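S.K.: Got a predicted structure plus its sequence, pasted below:
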Amino acid sequence: MTDSKYFTTTKKGEIFELKAELNSDKKEKKKEAVKKVIASMTVGKDVSALFPDVVNCMQTDNLELKKLVYLYLMNYAKSQPDMAIMAVNTFVKDCEDPNPLIRALAVRTMGCIRVDKITEYLCEPLRKCLKDEDPYVRKTAAVCVAKLHDINAQLVEDQGFLDTLKDLISDSNPMVVANAVAALSEIAESHPSSNLLDLNPQSINKLLTALNECTEWGQIFILDCLANYMPKDDREAQSICERVTPRLSHANSAVVLSAVKVLMKFMEMLSKDLDYYGTLLKKLAPPLVTLLSAEPELQYVALRNINLIVQKRPEILKHEMKVFFVKYNDPIYVKLEKLDIMIRLASQANIAQVLAELKEYATEVDVDFVRKAVRAIGRCAIKVEQSAERCVSTLLDLIQTKVNYVVQEAIVVIKDIFRKYPNKYESVIATLCENLDSLDEPEARAAMIWIVGEYAERIDNADELLESFLEGFHDESTQVQLQLLTAIVKLFLKKPTETQELVQQVLSLATQDSDNPDLRDRGYIYWRLLSTDPVAAKEVVLAEKPLISEETDLIEPTLLDELICYIGTLASVYHKPPSAFVEGSRGVVHKSLPPRTGSSESAESPDTAPSGVQAPEQPAVIPTQGDLLGDLLNLDLGPPVSGPPMATSSVQMGAVDLLGGGLDSLMGDESEGLRSDVGGSPAMGGGGSGGGSFAAPSTAAPANLAAPLGSGLGDLFDLTGGVGTLPGSYVAPKTVWLPAMKAKGLEISGTFSRQVGSISMDLVLTNKALQVMSDFAIQFNRNSFGLAPAAPLQVHAPLAPNQSVEISLPLNTVGSVMKMDPLNNLQVAVKNNIDVFYFSTLYPLHILFVEDGKMERQMFLATWKDIPNENEAQFQIKDCSLNADAISSKLQGSNIFTIAKRNVEGQDMLYQSLKLTNGIWVLAELRIQPSNPSFMLSLKCRAPEVAPYVFQAYETVLKN
Amino acid sequence: MIHSLFLINASGDIFLEKHWKSVVSRSVCDYFFEAQERASEAENVPPVIPTPHHYLLSVYRHKIFFVAVIQTEVPPLFVIEFLHRVVDTFQDYFGVCSEVMIKDNVVVVYEVLEEMLDNGFPLATESNILKELIKPPTILRTVVNTITGSTNVGDQLPTGQLSVVPWRRTGVKYTNNEAYFDVIEEIDAIIDKSGSTITAEIQGVIDACVKLTGMPDLTLSFMNPRLLDDVSFHPCVRFKRWESERILSFIPPDGNFRLLSYHVSAQNLVAIPVYVKHNISFRDGSSLGRFEITVGPKQTMGKTIEGVMVASQMPKGVLNMSLTPSQGTHIFDPVTKLLSWDVGKINPQKLPSLKGTMSLQAGASKPDENPTINLQFKIQQLAISGSSATDECHCRWP
């Protein structure tokens, strides 16, 4: 006698038969019939036609029958709203029943019937049940408010149920508290503006008390709610942490992870010097490790979260590498996550172990996993320098296996290793070349071609190798075509004599036979460069590449901080803020980590635009084609500046630099032949005679159209050397530094300016005395950045009374250094034929921002992460109405470079870097809200004392 | 919160659906089927699958996929833990959790699911309480119900539901009061060629079966509680007492439950109670290799090692093996190259061994791999960590 009998059908038709049975007089038969109906419903059969017959069975004393009918009602009431009204009376009556079980059941079921007409009748019974003497009824009613809110939010507000619900947070029964919190959280999620969970220390205390006594599910609700609270100081944060810590030992992993979230968040507020901070760190590791012995699905979610935790606080799990070792029977999704965390935890101390593991993984059967393992070996090499050699030899071993996808993957990562450690492991190239024919994936082919091109001079048959690829040029993917083009141009520049034909072939393939615009453009640029000036081409194509950074695919710091607030949620599984994917989130409250005590920044900022946010781009180790083109066009602003910048450097604007650099070298060539030293030679002098004579080694250069052009441009640029005021960084108006009465009639006013690498002090000397002044000289006291006059103060003629003279005094930063207070204080002595005068002035810091202050993107991420949080300083820039792009370009004028721009929840985030003359890097994050004229500026720097001055510089630049 | 639940069998049929809020069309499972198709094996289906409007969280147990549908931001662990609880409850109610059993008891299943969640919020998940609300089917009860017309739905509010000890029902009476504690320790170890341990970690649990009258208050102490690295307790355990005195103090649920699970990490090195002697050699130029392994006990404190299973993944070059075991049965699968040997008990006087030759692919160079050997075994009445041997257990009735 099992329930499967309910599924058997007879000839007459199921519905017909059931109808008859439901209307039977016999109780037992009725019940059996309802069971059959339910059974059909569970497998998705439509039995809604029986609605009236089933509802007729509702008035009964038999609890089981009642429950069954209720189950049916919940499922079908929506499709039969008019009939559902019939049931209302019974519900209302049941809400008065002496048995709390029946009262609760009635209110619970009514809430599940999503019919407007019924909800109207629900209000009165619900109000009573919320104040019922039996806590079981109260807790059921609490959930019912959430249900009702989902159906008709306005009704709930009008009836004042929300206030009653808030009162339930102070209920004496912990289960009621937990359910009230859960209901409020759910309502709050759909209405973020409602401010329902207004937490204060008293309510927090109640929640913490309830936390110890309620069910595991209630604990999850309460912990998630606690995580939204912002303690007022570190003492409060610590006391909450102390009371939450015991939850780490709960058997339910969801409780554990919610507790971890609360601790991770509040830990931000604790000072690192506290003993408690260390204890807490130690307590966090074991529960995280234990999560990894749970069922695989739980492990997966745990691992995704651990991935975040490891990025935020690597110290927690740094000794636990072994638990992330892959087990042979782990599901693939667990294996891949473990691998990711292993690389994040890899360090010099454990690298041997890790490598041995990875090598094993590379011989497994699952292709995806093997690929990722091989990549991981490469990432280890890049991350831990000491291990690079071992990694390379491991990769070579793997190449020897000749397993196709292993070889390809290995070649891709070896390319990255070459970039990280140039001129170290090139001995392996021969082995790589042996596998040329087996490569069939574009990424591997492109990597191999890059290697051949980059080391063409050490590969005897480089031209043959590249030529072999050229045969099927049009069948290759764009990635490969672009690499091939660049590689052949490199080869040509290195071995010009043997490869003319090849380069011509590839250029014509790229420019004439291809319809890919990227390829054509790159082809033309190379062609033009080679024909105009091979030396410049060499500078461009064979330029030293920036080293790739160690940490790749790190999550951006702000996003990471936000995600830490979402530990244990879907957001943490997807590593995206919830607004990016949660359906129907009508404006999600934007969460952020609490600031360390001392900073007064408000932590929660309401989000204005709930629009989707782009997934953070994963910075790739290998610059994609876009980056390459970018590199090419960005071609350092001018030739690399070495030593103190020349006062009159030739070119001003980035846009013409490409040609400027070329021209520099062009002029150099005339007299000195083919020389790679182009440096900062002020070459503009002899532009007139350039035509035709430049010693291009390439008779093969396709078209020599550049010859006349060269000299023409030379003339053009001649102009720039002498012109004084060109767009550069912001220059403040002159102010009086030394009033006449203090200096026996000499008045000095001035300002500082920076143009293309040279700092100058623009002075106006006015003679307000009655006698002629002469013999001027100037001297600076030692100062923080070593500013010193680069030339003597030259006032050509004696200064007659009531006459003034404007002088621009070039400065350099090679003087002796002494830290001043304030940091930008400069003490100056001026002498003339009358006396010596002293004054001091403050110089704006932006005159010290150098032109090559643009940090590479990955480098930025790694550095940002590297600089400890204590070094972060936050400022508010008020009343500035510019938009992000205007700001970027304005700041760029003062050598503050925008590295990335990201839009988070409608706010623009600008990531910027700048470098001071003494080599100090300052990283900045500027948060701009569209409707708010105040910007948030966060600065990170290894020398935090410069931060306020950098902030001043931002203010000055932005507001002028 | 949890919107709906679909149960799907191995062949991809949805054989049960339950909705706690509005009805979600079962077509949402198509996304799940897609993911299932992509995964090579059922175990590899990712636990979280996004669809345009919902998220599907699934667990795979007893050859059934339990797929929960959620619509808003819900902690995934919460959902997965809940699904596990559903599986446990079914198992508790019906003895086994299988498609047939669920279909046979579909109405009870439906009633139970309804009691477990309300609007997606967990309501009653302790089997003690559920069993009071919905009585598990027994043959006797079915017969009685048919005769007397009584129901298998309790009409009293479960007593434990709101007390401070929600896990225990009141009014429990036994003529024989007894409590059993099973300490089960699982050791995972990797041992290198020469026999030294590379990693070893112990996962332990204490499962209890308590049949005591009234509201007993138990205390349990350990010989060496320091060894336990990380413990997770049943909610009944008083954490404060453990923190301060390292004593387990609790009012137990009635019946079977897991009291705690713990973890002993590799730092406290443990003695592995078995060893394997191996001699596997390939020779250059020869198409035959020698294979010999022997399994023996080591520091078992006189306990017998049983249920020994040896499995080894042989190198690809091995074509076939001809082996003779001194006991048990063995199989070599020439396709997957997996050798498995069911040894059974180890008799310390006569150690089990497996000897013979391997035939290799002709002409191929000798395989350089050392095959890994997986060894599984059981020892009754021995706790390897030495930590959890209980000292004393006291029971007190208030």
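M.R.: Right, received. Where do you want to start?

S.K.: switch to C-alpha atoms for all contacts and neighbour counts from now on
M.R.: OK.

S.K.: Next one: residue A:533 relative to chain B, how far apart?
M.R.: 54 Å (CA to the nearest CA, to the nearest Å).

S.K.: neighbours of that residue, just the number please.
M.R.: Neighbour count for residue A:533, taken as other CA atoms under 10 Å in any protein chain shown: 28.

S.K.: mind pulling up the phi and psi values for it?
M.R.: Main-chain torsions, residue A:533, degrees, to the nearest 10: phi -160, psi 100.

S.K.: Look up the closest residue to residue A:186, ignoring the ones flanking it.
M.R.: residue A:146 (6.9 Å; CA to CA, 6 or more residues apart in numbering or on different chains).

S.K.: Quick test: name the residue nearest the centre of chain A.
M.R.: For chain A, the residue sitting closest to the mean C-alpha position, by CA atoms, centre = their mean, is residue A:556 at 2.3 Å.

S.K.: quick one, what contacts the residue lying closest to that one once chain neighbours are set aside?
M.R.: Nearest residue to residue A:556, sequence neighbours excluded (CA to CA, 6+ apart): residue A:861, at 6.8 Å. Residue A:861 makes contact with A:554, A:556-557, according to CA atoms under 8 Å, 6 or more residues apart in numbering or on different chains.

S.K.: So residue A:861 versus residue B:5, what's the distance?
M.R.: 42 Å (CA to CA, to the nearest Å).

S.K.: list the buried ones in stretch B:20-33?
M.R.: Buried residues in stretch B:20-33, defined by neighbour count with 16 or more other CA atoms under 10 Å in any protein chain shown: B:20-22, B:24, B:28-29, B:31-32.

S.K.: near chain A too, which of those residues?
M.R.: B:20-22 (CA under 8 Å from any CA of the partner chain).

S.K.: So which of those residues are in helices?
M.R.: Using DSSP state H, no member of those sits in helices.

S.K.: Relative to residue B:177, which of the residues you listed is nearest.
M.R.: residue B:20 (40.4 Å; CA to CA).

S.K.: that older thread, quick one: least confident of the ones next to chain A among the buried residues of stretch B:20-33?
M.R.: Confidence by pLDDT is poorest for residue B:22 among these, given 78.

S.K.: which ones are touching that residue?
M.R.: A:75, A:114, B:3.

S.K.: Which of these lies at the shortest distance from residue A:198?
M.R.: Of all these, residue A:198 sits closest to residue B:3, with 27.2 Å by CA to CA.

S.K.: so which strand or helix has the closest one?
M.R.: strand B:2-9 (DSSP states H and E).

S.K.: Now do the contacts for residue 86.
M.R.: All of this refers to chain A. residue A:55.

S.K.: I was thinking of chain B, sorry if that wasn't clear
M.R.: residue B:113.

S.K.: and it, that's in a helix?
M.R.: Yes: under DSSP: H, G, I helix; E, B strand; the rest coil, residue B:86 falls within a helix.

S.K.: Name the spans of the stretch 151-300 of chain B whose pLDDT lies under the cut-off.
M.R.: B:151-166, B:229, B:265-270, B:284-285 (pLDDT under 70).

S.K.: Now it against chain A: closest residue?
M.R.: residue B:232 (4.4 Å; CA to the nearest CA).

S.K.: which residues does that residue bridge with?
M.R.: residue B:261 (DSSP bridges).

S.K.: just checking, it touches residue A:253?
M.R.: No: using CA atoms under 8 Å, residue B:232 is not in contact with residue A:253, being 9.1 Å away.

S.K.: hey, where'd the helices end up in the stretch 201-350 of chain B?
M.R.: Counting by DSSP state H, counting those that start in this stretch, one finds helices in the stretch 201-350 of chain B at the ranges B:239-245.

S.K.: any chance of the buried residues of stretch B:20-33 in a markdown table, with distance to residue B:322 too?
M.R.: A markdown table is the format used below for these (distance: CA to CA, whole Å):
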| residue | distance to residue B:322 |
| --- | --- |
| B:20 | 59 |
| B:21 | 62 |
| B:22 | 62 |
| B:24 | 58 |
| B:28 | 52 |
| B:29 | 48 |
| B:31 | 48 |
| B:32 | 45 |
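
S.K.: if we can go back for a sec, looking at the ones next to chain A among the buried residues of stretch B:20-33, which is nearest chain A?
M.R.: Nearest member of those to chain A, counting by CA to the nearest CA, is residue B:21, at 6.7 Å.

S.K.: OK, contacts around the closest one?
M.R.: Counting by CA under 8 Å, 6+ apart, residue B:21 touches A:112, B:3-4, B:119-120.

S.K.: Residue A:925 now?
M.R.: A:909-912, A:936-939.

S.K.: and the residue nearest to residue B:205 when sequence neighbours are not counted, what does it touch?
M.R.: The spatial neighbour of residue B:205 that comes closest, neighbours along the chain excluded (CA to CA, 6+ apart), is residue B:261 at 4.1 Å. Going by CA under 8 Å, 6+ apart, residue B:261 touches A:251, B:203-206, B:231-233.

S.K.: same thing with residue A:463?
M.R.: Residue A:463 touches A:488, A:491, A:499, A:502, counting by CA under 8 Å, 6+ apart.

S.K.: Report the separation between the second one and chain B.
M.R.: The span separating residue A:491 from chain B equals 40 Å under the rule CA to the nearest CA.

S.K.: cool, the first one as well?
M.R.: Counting by CA to the nearest CA, the gap from residue A:488 to chain B is 40 Å.

S.K.: now that residue, what's its secondary structure?
M.R.: helix.

S.K.: ok, now the last one?
M.R.: Secondary structure, three-state DSSP: residue A:502 is helix.

S.K.: That one contacts residue A:488, correct?
M.R.: Yes: when contacts are counted by CA under 8 Å, residue A:502 is listed as touching residue A:488 (7.3 Å).

S.K.: Show me where the stretch 1-150 of chain B has its helices.
M.R.: So, for the stretch 1-150 of chain B - with DSSP H, counting those that start in this stretch - the helices run B:29-38, B:76-94, B:99-104, B:106-116, B:127-133, B:139-148.

S.K.: For these, give me TSV that also has mean pLDDT and distance to residue A:564.
M.R.: Listed next are those as TSV, based on pLDDT from 0 to 100; distance: least, CA to CA, whole Å:
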stretch	mean pLDDT	distance to residue A:564
helix B:29-38	90	28
helix B:76-94	90	15
helix B:99-104	88	40
helix B:106-116	87	31
helix B:127-133	78	35
helix B:139-148	55	52
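
S.K.: Kindly present the ones you listed as TSV, with separate columns for distance to residue A:882.
M.R.: Shown next, in TSV, are those (distance: least, CA to CA, whole Å):
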stretch	distance to residue A:882
helix B:29-38	46
helix B:76-94	42
helix B:99-104	65
helix B:106-116	56
helix B:127-133	63
helix B:139-148	78
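
S.K.: For residue A:257, which of the ones you listed is the nearest?
M.R.: Across those, closest to residue A:257 is helix B:76-94 (CA to CA), at 8.1 Å.

S.K.: Name the helix or strand for residue A:937, please.
M.R.: Going by DSSP H and E, residue A:937 is in strand A:935-941.

S.K.: Now intersect the contacts of residue A:861 with the helices, please.
M.R.: residue A:557.

S.K.: Just name the closest of the contacts of residue A:861 to residue A:523, please.
M.R.: residue A:554 (33.9 Å).

S.K.: distance of the closest one from residue A:361?
M.R.: From residue A:554 to residue A:361 the distance is 23 Å (CA to CA).
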